[in-house]
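1. Next one to model:
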Amino acid sequence: MMPALAQGLVVSFSDSSGSKGDTVKIPIQLDGASNVGAMDILLKYDKAILRARAIEAGELGKNALLESNISDNGEVRIVLADARVLMAKDQLQLSLMR
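-> The predicted structure follows:
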């Protein structure tokens, strides 16, 4: 059985910057969510430049079950499930150390 895909959902990241050693918070914006109750996001990044520190719920996950796995190989997996469906615009926050 194939999972249902959210039609029209756009995942985007805001520009952020920082100096070496800074912790930079990067909002993960979800636009166009309609009847989305759960999601699984795999984010890959250059581990020679950045180190993932934490995932924060933001508006998106404040009432949701939010789990994340940050590995040393340049990947972050985020799993979110919510009894309410996500609509329109919601947001997660990713903290990276440069």
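
2. where does the protein dip in pLDDT?
-> Counting by pLDDT under 70, the ranges of the chain that qualify are 1-8, 33-34, 58-61, 85-98.

3. how does it look with 80?
-> Low-confidence segments of the chain (pLDDT under 80): 1-11, 13-14, 26-37, 56-64, 83-98.

4. in it, which spans are strands?
-> In the chain, the strands defined using DSSP state E lie at 10-13, 23-44, 51-56, 65-70, 75-97.

5. buried set for the second one?
-> Of the residues in strand 23-44, 26-30, 33, 36, 39, 41, 43 count as buried by neighbour count, 16 or more other C-beta atoms under 10 Å. Quick note: C-beta positions are derived from backbone N, CA and C, even for glycine.

6. Bridged to residue 23, which residues?
-> residue 97 (DSSP bridges).

7. still on that earlier bit, save the buried residues of strand 23-44 as CSV, and put in distance to residue 53 too.
-> Below are the buried residues of strand 23-44 laid out as CSV (distance: C-beta to C-beta, whole Å):
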residue, distance to residue 53
26, 11
27, 15
28, 14
29, 19
30, 21
33, 26
36, 26
39, 21
41, 17
43, 13
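
8. Pull the most distant pair out of those residues.
-> Greatest spatial distance in those: 26 and 36, 20.6 Å, computed using C-beta to C-beta.

9. Is the residue lying closest to residue 43 once chain neighbours are set aside bridged to anything, and to what?
-> In space, and not counting its chain neighbours, residue 43 is closest to residue 76: 4.6 Å by C-beta to C-beta, 6 or more residues apart in numbering. With DSSP bridges as the criterion, residue 76 is bridged to residue 43, residue 70.

10. swap in residue 11?
-> Beta-bridge partners, per DSSP bridges, of residue 11: residue 30.

11. So it is in contact with residue 43, correct?
-> No. With contact defined as C-beta atoms under 8 Å, residue 11 does not count as touching residue 43 (9.5 Å).
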